[in-house]
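S.K.: Test case, fold it:
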Amino acid sequence: MRITTFDWVIVVVSIVISFIPAILLAKRAGTSTAEFFTSGRAAPWWLVGVSMVATTFSTDTPNLVTNLVRNQGVANNWQWWAFLLTGMATVFFYARLWRRSGVLTDLEFYEIRYSGATAKFVRGFRAIYLGLFFNCVIMASVNLAAAKIANVMLGWPMGKTLVICALLNIAFAATSGLWGVLVTDFIQFGIAMTGSFAAAYYALKQPEIGGIAGLIDKIPAGTLNLVPDFGDWSLTLTVLIIPLTVQWWSVWYPGAEPGGGSYIAQRMLASKSERDAVAGTLFFNFAHYALRPWPWIIVALSSMIIYPQLADIQRTFPYVDPNMIGHDMAYSAMLKFLPPGVMGLMIAGLLAAYVSTLSTHLNWGTSYLVHDFYRRFIDPNRDEKHYVAVGRLVTALLMVLAAALTFVLESAQGNFALLLSIGAGTGLLYLLRWFWWRINAWSEISAMASSFLVAVGFFVARKMGSTIPEHVSLLITVATTTIVWVAVTLMTKPTSRETLVSFYTLVRPAGPGWKSIRAETGLAASPDSLPMSLLGWVLGCTFVYAALFGAGSFLYGKTSQGAVWLVLFVLSGVGLGLILPRLWQGAADR
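M.R.: Residues are numbered from 1 along each chain as shown. Model (predicted):
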């Protein structure tokens, strides 16, 4: 691809603009770990929401969507669209509880919810397991996407891309802390979304495509379907039925955790009030599932006409490493049609998306390793500046490890499946632990261990030649893990009564699961309403799905179908407007 001097000027200007908040907020971030990891718990809802969206919009996201669409059509996106059910559950059931807990990281939760040595073990183990292992796999997946894009657009080998990106992310994330991440996310999201719409616009302008009408006419109808063909039961089962009935509540996946967690919890904990936590998370789910997908889908569909086979990509870009060629690379291959100036904006947008995601993961992973492991178990009595300094060092080390791991990964969709398999079966536990007092630390330990061991077993079996479908291994892992942790919960001693009373007094979860504990506290019933939260969840899911499928229907030229979705969008939006004030009546502005 031809990159002009003007394009590079745009890229450099965007980097400078993005770094200004990091520089201005560096001093504030260095004052304490509360500022470095949770922005002093003073972030407004709009900044929290945009930051969540920016974090989940990375270089590997359009690659993943392209991979899914080229393999099995638009409906294949249900593999991640189904996670809206999880996201809306976080909005209406869990956001207030997280903010009310007052913890610095979501792992600190374990020692206010459970008791004894097992609670300490879970916190320490998950700090390493998630902050180091899981986090580095995610960052490596993002690095791989960046390397593939740079290989196509700039002709850079993977090593060069990783060195430059590592230096850029270390300089940013280690300097700014979460305040810098939040403010820069706001700037970078605008740049990234502009680039996404530009890519879709110029893809449709190609003579081979002929605009949106030409695209719809040339792509097979089955590929365009918003739901899979029910005549192909195997496809429908794996793409739609399992994600909607099992996957959304049973699988732990960063950014879509049942009950909230990881950097989503970090943003809720950084909110200045419970209301801001709820509103920010609601905005995130709307923008994540309804606002962003269609520009990526349009580019992915266009790529099926321009590059129907992978060999077409290789032939068009002969300098690209053959080992990196895959369907996920088709997105970056489509960017060759961008004119000067717009090309620079696109590179700046992709870089902004990449830095936004990596800086969040670096800050989040570092918070686990420093606050939940090093400070809690290794060196607990140092001053705040010491822990911030250690945090900056750990940030650099995490980036180096993630860069090294990048060389062993293959594709965006493969990485997505790997992460789903490792977290399969643990989700129900994370949903219920807020509402059922009987769950204890051994429940967490047994769920993590069984899920990991079963996933490793299937991984080894496939390496030895077994052809086990992904949906079969997912169902078996979910069933096995759920049976194990429920059995362990009932066979082990419950959390100490003192800890349970303290937790209920602090968080005040609603429902019958804490009835006996609530009686001991002498407190009134929870200010939350589970029926009202359930209604909000249904309306929220309807609101977002109506926006997503309504936009798709209008793009497809199906006006009547789009009108139906539009009516549902308006009605559910009005319902949300009536529900939210009632949900907030009991919320503390703290």
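S.K.: report the longest helix in this protein, please.
M.R.: For the chain, the helix with the greatest residue count under DSSP state H is helix 158-204.
S.K.: which is the next helix or strand following it?
M.R.: The helix or strand immediately downstream of helix 158-204 is helix 211-218, counting by DSSP states H and E.
S.K.: quick check: angle from that following helix to helix 158-204?
M.R.: With axes from the mean of the first three to the mean of the last three Cα atoms, to 10 degrees applied, the angle from helix 211-218 to helix 158-204 works out at 90 degrees.
S.K.: which residues are in contact with whatever helix or strand comes next after helix 211-218?
M.R.: Sequence-wise, the next helix or strand downstream of helix 211-218 (DSSP H and E) is helix 221-224. For helix 221-224, the external contacting residues (Cβ atoms under 8 Å, 6 or more residues apart in numbering) are Val69, Gly73, Val74, Ile216, Asp229, Leu301, Met304, Tyr556. For the C-beta atoms, the positions are set from N, CA and C on the backbone; glycine is no exception.
S.K.: can you do 10 Å?
M.R.: Helix 221-224 is contacted by residues 69-70, 72-76, 215-216, 228-229, 231-232, 297, 300-301, 304, 552, 555-556 when judged by Cβ atoms under 10 Å, 6 or more residues apart in numbering.
S.K.: show me where pLDDT drops low in the stretch 51-200 of the chain?
M.R.: 174, 176-180 (pLDDT under 70).
S.K.: Recalculate using a threshold of 90.
M.R.: Counting by pLDDT under 90, the stretch 51-200 of the chain has low-confidence residues at 51-64, 72, 79, 99, 102-106, 126, 129-196.
S.K.: Report all helices and strands that the strand or helix carrying Thr61 contacts.
M.R.: Using DSSP H and E, Thr61 sits in helix 60-72. If you count contacts as 3 or more Cβ pairs under 10 Å, 6 or more residues apart in numbering; DSSP states H and E, helix 60-72 packs onto helix 78-81, helix 135-153, helix 158-204, helix 221-224, helix 293-306, helix 330-333, helix 342-367, helix 412-422.
S.K.: export stretch 61-75 as PDB, just CAs?
M.R.: Extracted in PDB, the C-alpha atoms of stretch 61-75 (Å, rounded to 0.1, in the frame of the first residue of the first chain):
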ATOM      1  CA  THR A  61     -12.000  -6.800  16.800                       C
ATOM      2  CA  PRO A  62     -12.700  -5.900  13.100                       C
ATOM      3  CA  ASN A  63     -10.400  -8.800  12.200                       C
ATOM      4  CA  LEU A  64     -12.500 -11.200  14.300                       C
ATOM      5  CA  VAL A  65     -15.800  -9.900  12.800                       C
ATOM      6  CA  THR A  66     -14.300 -10.300   9.300                       C
ATOM      7  CA  ASN A  67     -13.100 -13.800  10.100                       C
ATOM      8  CA  LEU A  68     -16.600 -14.800  11.300                       C
ATOM      9  CA  VAL A  69     -18.500 -13.300   8.400                       C
ATOM     10  CA  ARG A  70     -16.200 -14.800   5.700                       C
ATOM     11  CA  ASN A  71     -16.500 -18.200   7.300                       C
ATOM     12  CA  GLN A  72     -20.200 -18.600   8.000                       C
ATOM     13  CA  GLY A  73     -21.900 -15.300   7.200                       C
ATOM     14  CA  VAL A  74     -23.300 -12.300   9.200                       C
ATOM     15  CA  ALA A  75     -25.200 -14.600  11.500                       C
END
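S.K.: got the buried residues for it?
M.R.: For stretch 61-75, burial by neighbour count (16 or more other Cβ atoms under 10 Å) applies to 61-70, 72-75.
S.K.: show me where the stretch 1-150 of the chain has helices.
M.R.: Under the criterion DSSP state H, counting those that start in this stretch, helices of the stretch 1-150 of the chain are mapped to 5-29, 33-38, 45-56, 60-72, 78-81, 84-89, 95-101, 110-113, 116-128, 135-153.
S.K.: need the ones you listed in TSV with distance to Asn285, can you?
M.R.: Formatted as TSV, the helices of the stretch 1-150 of the chain follow (distance: least, Cβ to Cβ, whole Å):
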stretch	distance to Asn285
helix 5-29	25
helix 33-38	21
helix 45-56	9
helix 60-72	15
helix 78-81	11
helix 84-89	4
helix 95-101	11
helix 110-113	25
helix 116-128	25
helix 135-153	20
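S.K.: got the contact list for the residue of the chain positioned farthest from its centre?
M.R.: Outermost residue of the chain with respect to the C-alpha centroid, by Cα atoms, centre = their mean, is Gly522; its distance is 39.2 Å. If you count contacts by Cβ under 10 Å, 6+ apart, Gly522 has them with Thr505.
S.K.: what's the pLDDT at it?
M.R.: Gly522 carries a pLDDT value of 87.
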